[in-house]
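> What follows is a predicted structure for the sequence shown.
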Amino acid sequence: MQEIGNATTPRRRRYWLSPLVVLSACLVLLGAGSSLLIRVYFVHGGRRPWLSTMIQVSGWPLLLPPICASLLLRHRRDGVSGGAVADHLLPPRLVGAVAVLGAFFAVACFAYSLGSQALPLSTSSLLQATQLTFNAVSAFLFAGQRFTPFSVNAVVLLTVGPAVLGVGPSSDSERLPGEGGPAAYWTGFVDCMASAALLGLVLPLVEVAMSKYGHRSGRATDAAVRAPPPSSYATVMQVQAVMGAAGTAVCEVGMAVSKDFQAMPAEAAAFGLGEANYYLLLVLGAVSWQLSNLGIMGLIVCSSSLLAGVMIALVLPLSEVLAVVFLHEKFDGAKGIALVLSLWGFVSYLYGESTQKKPEVAKGSEGLESICCPLMAT
């Protein structure tokens, strides 16, 4: 089994701008409106944190048809050589590790829902932006993430950028009825910080789990780690499906305890946008969050958890722009500065990765060729 350390990062950097990385980044951007939909739910009368958490994790069944199609195609392709469908499934130990992390991810989403209910979008974006700092620290400690001046600059800018939202004049003017009061503010503050800390811990641990449990017992380690990068999104979809299923189970328990299932018809009838739009919002929210979550998992599998955190931080100011367009929130100077700083940090990260790519490829050492994440051979 390969060591999980600094050696894992260069291998990923060689493929940091691969088609799968670009696809994953596009999925995260397509899901930029997911947090906005959660805000819309609370703005128009939604009051069920566990239900809003379910929206964030329950879209995973959408992945079952493409996963099945991928397994069928691989089975036909490998039929001549005697390959089995089970050879393309995630190893059992990886499934267990990812399922546990999926449960923690659901807890992080629940804390985010509580914070979104108690705080305006500007303030919750400020606090949620700190996930990148937690992510960077966890990636350094657990995943052996290497940092360059460009990546450090990106972390700082992408953390400070959304932070500007919290000090802007719009923070107090965008509160929902009943959001005032020190107790509600500090409760939402703690909830958002807990969500950011959990998310910043879970993403690097997913990267560690993939590196540690990604290959099957009985396979030669060298053959596993030297396999080429994945040629499809099958592995990414399986990881996301397992995390989503585990998170959905946690949400179902929470909804059952808080009696959300019984309260949904009454809440739908009193929803500000109408009953039909209530259920439409739930469906669109699940799809949007699924796109975002799938993109995040793709970035972790195909690149690194730090890049996933960078994309999440980039999406936060974009969500503010969507709030201006669809919720008619005020776009002031603070939001403009936040957007510019976030885009600047993202460009800094991309430039730093591009400058690091050339010398690493030029080395061409055997050590680099043998440190591919084991899951990439799945």
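Structure's in. What do you need? Numbering: from 1, shown residues only.
> hey, let's count contacts and neighbours off CA atoms from now on
OK.
> What about Gln56, how many residues nearby?
A count of neighbours around Gln56, defined by other C-alpha atoms under 10 Å, yields 31.
> Distance-wise, check it relative to Gly333.
Going from Gln56 to Gly333 by C-alpha to C-alpha, to the nearest Å gives 30 Å.
> Then Arg47?
Counting by C-alpha to C-alpha, the separation of Arg47 from Gly333 is 31 Å.
> Please say which of these two ends up with more neighbours.
Under the neighbour definition other C-alpha under 10 Å, Arg47 and Gly333 were set side by side, and Arg47 has more, 17 against 14.
> where's the more buried one, which helix or strand?
Counting by DSSP states H and E, there is no helix or strand that carries Arg47.
> Contact partners for it?
Gln117 (C-alpha atoms under 8 Å, 6 or more residues apart in numbering).
> which regions of the stretch 51-200 of the chain lie under the pLDDT threshold?
Applying pLDDT under 70 to the stretch 51-200 of the chain flags the ranges 78-85, 121-123, 126, 161-182, 185.
> can you give me the helices in it?
Counting by DSSP state H, counting those that start in this stretch, the stretch 51-200 of the chain has helices at residues 64-78, 92-118, 121-128, 131-142, 149-167, 170-173, 182-213.
> just the ones you listed: most buried one?
The highest average neighbour count among those, using mean count of other C-alpha atoms under 10 Å, belongs to helix 121-128 at a mean of 27.
> now the spatially most central residue of the chain: how far from Val324?
For the chain, the residue sitting closest to the mean C-alpha position, by C-alpha atoms, centre = their mean, is Ile296 at 4.0 Å. Here Ile296 is placed at a distance of 25 Å from Val324 (C-alpha to C-alpha).
> next one: Ala139
Distance, Ala139 to Val324, using C-alpha to C-alpha: 34 Å.
> In contact with Ala268, which residues?
Taking C-alpha under 8 Å, 6+ apart as the criterion, Ala268 is in contact with Gly274, Glu275, Ala276, Tyr278, Tyr279.
> out of those, which is most surrounded?
Neighbour max across the contacts of Ala268 (other C-alpha under 10 Å) = Tyr278, 22 neighbours.
> Was I right to think it contacts Phe271?
Yes: counting by C-alpha atoms under 8 Å, Phe271 is a contact partner of Tyr278 at 6.5 Å.
> On the three-state scheme, Val22 is what?
Classification of Val22 by DSSP: H, G, I helix; E, B strand; the rest coil places it in helix.
> Quick one, grab the pLDDT at it.
Among the per-residue scores, Val22 shows a pLDDT of 89.
> same check, this time on the one 3 residues further on
In the prediction, the pLDDT value recorded for Ala25 is 90.
> Filter the contacts of Ala268 down to just the ones in helices.
Judged by DSSP state H, helices contain the following of the contacts of Ala268: Glu275, Ala276, Tyr278, Tyr279.
> Looking at those, which one is closest to Gly96?
Tyr279 (32.5 Å; C-alpha to C-alpha).
> residues contacting that closest one?
Counting by C-alpha under 8 Å, 6+ apart, Tyr279 makes contact with Ala268.
> and the gap between it and Leu30?
Here the criterion is C-alpha to C-alpha. By it, Tyr279 lies 21 Å from Leu30.
> Tell me where the model's unsure across the stretch 201-350 of the chain.
215-232, 320, 323, 327-332, 334-335.
> where do the helices sit along it?
221-225, 234-257, 260-269, 275-302, 305-326, 333-363.
> tell me what the fifth one is packed against?
Packing contacts for helix 305-326, counted by 3 or more C-alpha pairs under 8 Å, 6 or more residues apart in numbering; DSSP states H and E, involve helix 19-30, helix 34-43, helix 121-128, helix 131-142, helix 149-167, helix 182-213, helix 275-302, helix 333-363.
> Next, the buried residues of that helix.
Across helix 305-326, burial judged by 16 or more other C-alpha atoms under 10 Å covers 305-323.
> got it, and the fourth one?
Within helix 275-302, the residues scored as buried using 16+ other C-alpha under 10 Å are 275, 278, 281-282, 284-302.
> what distance separates that helix from the centre of its chain?
With C-alpha atoms, centre = their mean, to the nearest Å as the basis, helix 275-302 stands 11 Å off its chain's centre.
> angle of that helix against helix 182-213?
Here helix 275-302 runs at an angle of 40 degrees relative to helix 182-213 (axes from the mean of the first three to the mean of the last three C-alpha atoms, to 10 degrees).
> Helix 275-302 versus helix 234-257: what angle between them?
Here helix 275-302 points in a direction 140 degrees away from that of helix 234-257 (the same axes, to 10 degrees).
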